[in-house]
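Novice: Give me a model of this one.
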Amino acid sequence: MTSQKAHAIPDVQNLNDSRKLAIDKVGIKSIRHPVRVSDKNGGVQHTIAVFNMYVGLPHNFKGTHMSRFIEIINGNEREISVESIEPMLREMVKRLEAETGQIELTFPYFINKAAPISGVQSLMDYEVTFTAEIREGGAYSFTMKTVVPVTSLCPCSKKISEYGAHNQRSHVTVTAQTNSFLWIEELVQLVESQASCQLYGLLKRPDEKYVTERAYDNPKFVEDMVRDVAGLLNAEPRIDCYRVESENFESIHNHSAYALIECDKRLGLGAN
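Specialist: Got it, this is the predicted structure:
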């Protein structure tokens, strides 16, 4: 009797839908799961990522099976690695009978940095997002997004002031679609090299003197920041297309300054 009742439970998601409207993305958001990420120095970081998982839903299906997303993420390694993302994505698309799918995972990533003068070491954290996607036809793409906090100093303020210049914390966000392996550290270093000055977790007095004077000697508008970063991204062959944004949290205004450059190098469009 119990078995007959179980078989009689309707599968509403598989019912036909008459509205003939496909859904671009349907799935689950904000599920936390352990991940492990290799770093450039040969170590491994164990952290927690927030996952978003989606598939495209054909117009004839009423709904997708939400529980299968959870089954897929828990059916893989206890700590999901970068190498397992593509197989997990392809399994997700297959099990949910979809043509397209996407997995996003956002996590904190830590880089050990030495202060510029004293050499004292401390950890800096960066927000990183990996996005894996399968498009129609089965083509796979991988995108890495990194938010890099830096210092920017205003060239105008320096020019018009008899002494000093206002500076601010800036977030430079690079979203890069890659064609081969690129270390997170490489992308972070690329951005930091173009700031008025990079940030450090711990500074002694000689270090504070250095970073203050470094920023003063290297003023950057928000426009300078995105252009200089874009120039290096254009020269990096492992990056096919990118989006670079800079938001400067102004210290003398109650608003932010913002700039953006997008480029698909495969089409020869965007920044030059």
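Novice: Helices of this structure, start to end?
Specialist: 2-7, 66-75, 85-95, 155-160, 184-192, 205-217, 222-234 (DSSP state H).
Novice: Now do the third one: which elements does it pack against?
Specialist: Contact partners of helix 85-95 among helices and strands, from 3 or more C-beta pairs under 8 Å, 6 or more residues apart in numbering; DSSP states H and E: strand 44-57, helix 66-75, strand 101-114, strand 121-134, strand 140-153. Every residue, glycine included, has its C-beta placed from N, CA and C.
Novice: Would you mind putting the ones you listed into JSON lines with distance to Leu89 alongside?
Specialist: Shown next, in JSON lines, are these (distance: least, C-beta to C-beta, whole Å):
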{"stretch": "strand 44-57", "distance to Leu89": "9"}
{"stretch": "helix 66-75", "distance to Leu89": "9"}
{"stretch": "strand 101-114", "distance to Leu89": "5"}
{"stretch": "strand 121-134", "distance to Leu89": "5"}
{"stretch": "strand 140-153", "distance to Leu89": "8"}
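Novice: so can I have a markdown table of those showing distance to Ser193 and mean pLDDT?
Specialist: Output for the helices and strands packed on helix 85-95, formatted as a markdown table (distance: least, C-beta to C-beta, whole Å; pLDDT from 0 to 100):
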| stretch | distance to Ser193 | mean pLDDT |
| --- | --- | --- |
| strand 44-57 | 23 | 93 |
| helix 66-75 | 36 | 86 |
| strand 101-114 | 13 | 96 |
| strand 121-134 | 15 | 96 |
| strand 140-153 | 10 | 95 |
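Novice: circling back to that earlier point, right, so of the helices of the chain, which gets closest to Val37?
Specialist: helix 184-192 (7.6 Å; C-beta to C-beta).
Novice: packing partners for the closest one?
Specialist: strand 101-114, strand 121-134, strand 140-153, strand 167-178, helix 222-234.
Novice: I'd like the ones you listed as TSV, with mean neighbour count and distance to Ile48 appended.
Specialist: Formatted as TSV, the helices and strands packed on helix 184-192 follow (neighbours: other C-beta atoms under 10 Å; distance: least, C-beta to C-beta, whole Å):
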stretch	mean neighbour count	distance to Ile48
strand 101-114	18	7
strand 121-134	17	12
strand 140-153	20	17
strand 167-178	20	21
helix 222-234	20	29
